[in-house]
Structure formats: structure tokens, C-alpha cells
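Novice: after the sequence you'll find the predicted model.
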Amino acid sequence: MPKPDWFTVQQLDRVLVIQPQEQAGFARPEMVSELSGVLSSPQGSNATHVLVDCSKLSFAGSLFLESLIQLHRGVQDRGGQFALCAVNDELREILSIARFDTLWHIYGSVDEGLQALKR
């Protein structure tokens, strides 16, 4: 059985932009470990900050939220900032209920998030 593509990763300057695909919201344990390993991968090892582009997500389950917490901690450990962008209303409500909207900056778009994180 082929491995699903849970997310795409792109480094722009010091910012690692991670875009979870729609099925990532219904995360499975293997996705969580894959996402938590992004910072130590060759692609993520030089990034200081992480911006998670949520434009393809319509839902975020508890495992997905846990993976974001782990990623956030890893970014903090390297002195960087963690943020989300392009969050739809349903996901924003989930983040608000879980009080993650008080922990992470949420930007309207990737461009807005990149501008803020590059300062």
C-alpha cells in the first residue's frame, strides 16, 4: 500500500512552510512521527521558523493537534517562532476551543505569515 502524502514542505529563507493535505487533519500515528521529524530532516535543519499553511484542511483531530504541539516545541527549542495561516472558520473554532489561538499567531495568508516571521 503506498504511503500517503500527508504534507508538503518548502523552505523560504529561514522559514519552513508546511502545508498539510486534507487527509492530515484525520492524522494517524505515522503522520505524527513523520511531521515531528521534519525539523531534523535535511530540508528543515536550517530553518528557524515554521509556518503551517492550513488552506487545505477542513478538520483537525486530536492527533493532528498533538503533532502541531510537538512541532511548536521543536521550533521553540531552536529559538524560532511557530505560526499558522490560511485557517478556515471551522478550524479556527477548533483552535479557539482548544485555546491554541492564544498560543500561536494565526495569519490570513502564507504571504502575511512569511512577512511577519521574516522580521
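Specialist: Okay, I see it.
Novice: all contacts plus neighbour counts: C-alpha atoms, from now on.
Specialist: Noted.
Novice: would you map the helices across the protein?
Specialist: With helices called from DSSP state H, the chain shows them at 29-36, 62-77, 89-97, 110-117.
Novice: in contact with the residue positioned nearest the centre of the chain, which residues?
Specialist: Using Cα atoms, centre = their mean, the residue of the chain that lies closest to the mean C-alpha position is Val52, 3.2 Å off. The neighbours of Val52, taking Cα atoms under 8 Å, 6 or more residues apart in numbering as the test, are 17-20, 82-85.
Novice: and if we set it to 6 Å?
Specialist: Going by Cα atoms under 6 Å, 6 or more residues apart in numbering, Val52 touches 17-19, 84.
Novice: distance from the chain centre to the helix-or-strand element of the chain with minimal mean pLDDT, please.
Specialist: The helix or strand of the chain with the lowest confidence, counting by mean pLDDT, DSSP states H and E, is helix 29-36 at a mean of 75. Taking the mean C-alpha point of helix 29-36 and that of its whole chain, the gap between them comes to 12 Å (Cα atoms, centre = their mean, to the nearest Å).
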